[in-house]
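Engineer: next one to model:
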Amino acid sequence: MTPEPYHLSLPQGRSSAVVVASPHSGRTYTPAFLEASVLDSRGIRSSEDAFVDLLLDRVPSLGAPLITADAPRAYVDLNRSQDELDPAVIEDIPRSALNPRVSSGLGVIPRVVSNGRAIYRGKISRREALARIEAIWRPYHRQLQSLLDESRTQFGRAILIDVHSMPHEAIDSVHHTQHLPPEIVLGDRFGASCNGRITDAAEAAFRRAGFRVARNAPFAGAFIAQHYGRPSYNQHVLQIEIDRSLYMHEPLIQPNGEFHTFKARFEGVLAEIVEIGGMGMRPLAAE
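Structural biologist: Here you go, the predicted model:
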């Protein structure tokens, strides 16, 4: 049994150049994968962007397509290049130039989950790793690029909103003591993946909704932002990182009592972001 490569939800009619994605909220853990792991059923979920797909489920009603992962990040990481193969976890992979993500165990086939906990007892075969990429990674990215191409054809531009969640401790440990930590981190690779007007508008929408917002620290965007973000071609990527503690109990991986309140606030912001790519907006010139 292999997880589906993705779930795609389309609006009845597209009214925006925006495409919304959640590449890390997949939670189909197959029995074979769980059996191969040394982690228990909760530990293996610790790097998952749990419930982000549920936070986004009204996006199609706003006029934009929604693509979400089915396979979990621990199985195959859709926010990594298919070439980021880790010889420490995959057999018969030659060592290559230093890649910090691969070296830390966070390649396209992850070696570890959060806090550096190993997923496997040993290595998996090269055949297994490549089969996961062929069955899940490539179909997801083909579909994602197709959605962006459709946006550019219909609206003259494409705006990918790539939504993730971050452990509270990841931001709590980096903020300055005189300031409260951000609740939302917007990543545009310091302007390289997204026109600044889009990032400005998204930040303003979050601030109007009462959220504390930061840009590019500690998360500026990884493979998806780097690969798809081409502002000079009117193809933009804005990564959104949400503090998980706003809507879930992290140790238990369960929605908390604020889940529905947070979801309503977040949906209001999403509606404004989708409007950024509405029909009335001209294509953005490269900065």
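Engineer: so where do the strands sit in this structure?
Structural biologist: Using DSSP state E, the strands of the chain run over residues 7-9, 18-22, 66-68, 158-166, 184-187, 213-215, 235-243, 248-249, 254-255.
Engineer: just checking, what packs against the second one?
Structural biologist: Looking back up the chat, that one is strand 18-22. If contacts are counted by 3 or more C-beta pairs under 8 Å, 6 or more residues apart in numbering; DSSP states H and E, strand 18-22 sits against strand 66-68, helix 138-155, strand 158-166, helix 259-276. No exception for glycine: its C-beta is placed from N, CA and C like everyone else's.
Engineer: can I get those in a markdown table with mean neighbour count and mean pLDDT?
Structural biologist: Putting those into a markdown table (neighbours: other C-beta atoms under 10 Å; pLDDT from 0 to 100) gives the following:
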| stretch | mean neighbour count | mean pLDDT |
| --- | --- | --- |
| strand 66-68 | 24 | 98 |
| helix 138-155 | 17 | 97 |
| strand 158-166 | 25 | 97 |
| helix 259-276 | 18 | 97 |
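Engineer: out of those, which gets nearest to R14?
Structural biologist: Smallest distance to R14 across the helices and strands packed on strand 18-22 (C-beta to C-beta): 6.5 Å, for helix 138-155.
Engineer: contacts for that closest one, please.
Structural biologist: With contact meaning C-beta atoms under 8 Å, 6 or more residues apart in numbering, helix 138-155 is reached by 5-6, 8, 14, 16-19, 21, 23, 65, 67, 69, 78, 82, 157-160, 228, 233-235, 277, 279, 283.
Engineer: so where do the helices sit in the protein?
Structural biologist: In the chain, the segments counted as helices under DSSP state H are 31-36, 52-55, 100-103, 126-132, 138-155, 168-172, 196-208, 223-228, 259-276.
Engineer: just put those in JSON lines and tack on distance to A118.
Structural biologist: JSON lines is the format used below for these (distance: least, C-beta to C-beta, whole Å):
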{"stretch": "helix 31-36", "distance to A118": "12"}
{"stretch": "helix 52-55", "distance to A118": "25"}
{"stretch": "helix 100-103", "distance to A118": "15"}
{"stretch": "helix 126-132", "distance to A118": "16"}
{"stretch": "helix 138-155", "distance to A118": "25"}
{"stretch": "helix 168-172", "distance to A118": "20"}
{"stretch": "helix 196-208", "distance to A118": "36"}
{"stretch": "helix 223-228", "distance to A118": "22"}
{"stretch": "helix 259-276", "distance to A118": "31"}
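Engineer: wait, which of those is closest to V185?
Structural biologist: Closest among those, using C-beta to C-beta: helix 168-172, at 7.0 Å.
Engineer: touching that closest one from outside, list them.
Structural biologist: Counting by C-beta under 8 Å, 6+ apart, P181, P182, V185, P218, D243, R244, S245, E250 sit against helix 168-172.
Engineer: any of those buried? List them.
Structural biologist: In terms of neighbour count (16 or more other C-beta atoms under 10 Å), the buried residues within the contacts of helix 168-172 are P181, P182, V185, D243, R244, S245, E250.
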